[in-house]
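Trainee: Quick one: sequence and predicted model below, then my questions.
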Amino acid sequence: MKNKHVLQSGLLVCATVCCALPVVAHATAFTPSLFANSSAYFANPSSGVALLPEPCSNLSGGTLVTCNGSAATPEFATTNATFNYQGTATAAYGVLKAGGSSSISGANGTSDTTYHTFSGGSSSFQDSWVITGGTGTGTLDLQFALDGTYGFCEINSGSEFGFGGYNYTSGTSFADSNPGAGIFSSCSGAVSQNVTLSTGFAFGTPMGFSVNLTAGSALFSLGQNISSFLNLSDTAAMSSIIVKDANGNVIPFDLTPGSGASLFSQLAPGIPGNSVPEPSSLALFTAGLLGLLGLAAMRGRKSHAT
């Protein structure tokens with residue numbers, strides 16, 4: 001078996017052993033929240049998932065969540081192998097971080113592909129936005145910058161990655177505007193990529209949505225001394241919000257986030273006010289200004305005469 005990597009972007013994914021967030025329909029009432037989880041486990045496709053004995057962390061909030069340790073593999077008596085793992089995740093509004101690393105040590109070289117492993121993190125934020133500035137329906141583009149490092153150059157090692165969003169109001173997944181773009185250019189290196197997630201919405205109507213990042217390490221044979229890692233802690237950060245009208249034209253807009261997160265307001269350009277006076281208003285203003293100047297000049301002459 002060759003070295004493996006799994007990549008699906010633009011929607012909440014369920015990769016080889018990485019499960020997506022449950023899809024639950026929401027009405028207009030949608031509670032903004034943050035979630036971070038780090039985990040490590042064995043997966044047996046034929047019999048389900050066998051969790052590691054060490055507990056790993058879940059958190060509703062933005063604090064760093066870690067999961068690390070070691071455990072004997074399910075067939076330790078045959079392979080003499082120990083699984084070493086670490087997963088991390090951090091969630092903030094508009095900024096998601098996740099990663100994981102793992103290795104097999106002490107293995108005797110016996111091939112064991114019955115079980116796969118995963119060690120990594122998953123983070124998400126969900127919010128409810130009201131977007132104004134147009135009528136009817138439009139398209140929302142969320143642009144993110146992904147940054148990090150990875151390595152899975154050994155046989156039977158891999159990096160697993162999933163990034164995307166879900167629009168609970170419409171019941172549809174966010175679509176990646178460039179779904180064919182991969183984050184891995186070789187078996188090791190750096191990640192530096194911009195990703196745009198798009199969804200439809202209705203102006204003036206609350207839209208509940210979530211964005212999820214999953215990243216970590218996978219090993220596909222538990223009888224060999226191998227390792228891999230994927231670290232996106234540098235990270236998936238929202239860099240721009242773009243709104244288009246029903247005709248596909250980019251328009252200015254106002255955005256009211258249910259979470260009150262200032263990041264979203266900063267990225268929204270806002271609807272320009274009437275900063276340029278209309279001709280009639282400008283004429284009245286000019287006439288008034290000239291009148292004031294004339295009055296001041298008359299007072300100046302009168303003062304000088306006395």
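Mentor: That came in fine, so what should we check first?
Trainee: Which residue ranges of the stretch 201-306 of the chain form strands?
Mentor: With DSSP state E, counting those that start in this stretch applied, the stretch 201-306 of the chain shows strands at 207-219, 227-244, 254-257, listed in chain order.
Trainee: nearest to residue 107, of those?
Mentor: Each of the strands of the stretch 201-306 of the chain has some distance to residue 107 by CB to CB; the shortest is strand 207-219, at 10.5 Å. C-beta: built from backbone N, CA, C; applies to glycine.
Trainee: Report the inter-axis angle for the closest one versus strand 227-244.
Mentor: Strand 207-219 and strand 227-244 are oriented at 160 degrees to each other (axes from the mean of the first three to the mean of the last three CA atoms, to 10 degrees).
Trainee: now strand 207-219, how far from the chain's geometric center?
Mentor: Centroid displacement of strand 207-219 relative to its chain, using CA atoms, centre = their mean, to the nearest Å, is 7 Å.
Trainee: so what's the nearest residue to residue 80 once chain neighbours are set aside up against?
Mentor: Nearest residue to residue 80, sequence neighbours excluded (CB to CB, 6 or more residues apart in numbering): residue 108, at 4.9 Å. Contacts of residue 108 were listed using CB atoms under 8 Å, 6 or more residues apart in numbering, and they are 79-81, 223.
Trainee: Of all pairs in these, which one is the farthest apart?
Mentor: With CB to CB as the measure, no two of those lie farther apart than 80 and 223, at 8.5 Å.
Trainee: Overlap of the contact sets of the two?
Mentor: With contacts taken as CB under 8 Å, 6+ apart, the residues that reach both residue 80 and residue 223 are 107-108.
Trainee: Looking at those two, which is more packed in?
Mentor: Higher neighbour count among residue 80 and residue 223: residue 223, with 22 against 16, using other CB atoms under 10 Å.
Trainee: Okay, now the unreliable bits of this structure?
Mentor: Within the chain, the stretches with pLDDT under 70 are 1-29, 54, 177-181, 272-306.
Trainee: mind redoing it with 80?
Mentor: Where the chain drops to pLDDT under 80, the residues are 1-29, 45, 47-49, 53-55, 58-62, 175-183, 234, 270-306.
Trainee: Give me the distance between residue 191 and residue 213.
Mentor: Residue 191 sits 12 Å away from residue 213, going by CB to CB, to the nearest Å.
Trainee: Which one's more surrounded, those two?
Mentor: Ranked by neighbour count (other CB under 10 Å), residue 191 and residue 213 place residue 213 first, with 27 against 21.
Trainee: Is it correct that that one is in contact with residue 237?
Mentor: No - between residue 213 and residue 237 there is no contact, the gap being 10.5 Å when judged by CB atoms under 8 Å.
Trainee: if I look at these two, which residues touch both of them?
Mentor: residue 96.
Trainee: how about the helices in this protein?
Mentor: Using DSSP state H, the helices of the chain run over residues 76-79, 262-267, 279-305.
Trainee: Buried ones in the shortest one, by neighbour count?
Mentor: Taking 16 or more other CB atoms under 10 Å as the neighbour-count basis, helix 76-79 is seen to contain the buried residues 76, 79.
Trainee: And the second one, by the same measure?
Mentor: Taking 16+ other CB under 10 Å as the neighbour-count basis, helix 262-267 is seen to contain the buried residues 263-264, 267.
Trainee: Pipe the residues you listed into JSON lines and attach distance to residue 129 per row.
Mentor: Formatted as JSON lines, those follow (distance: CB to CB, whole Å):
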{"residue": "263", "distance to residue 129": "12"}
{"residue": "264", "distance to residue 129": "7"}
{"residue": "267", "distance to residue 129": "12"}
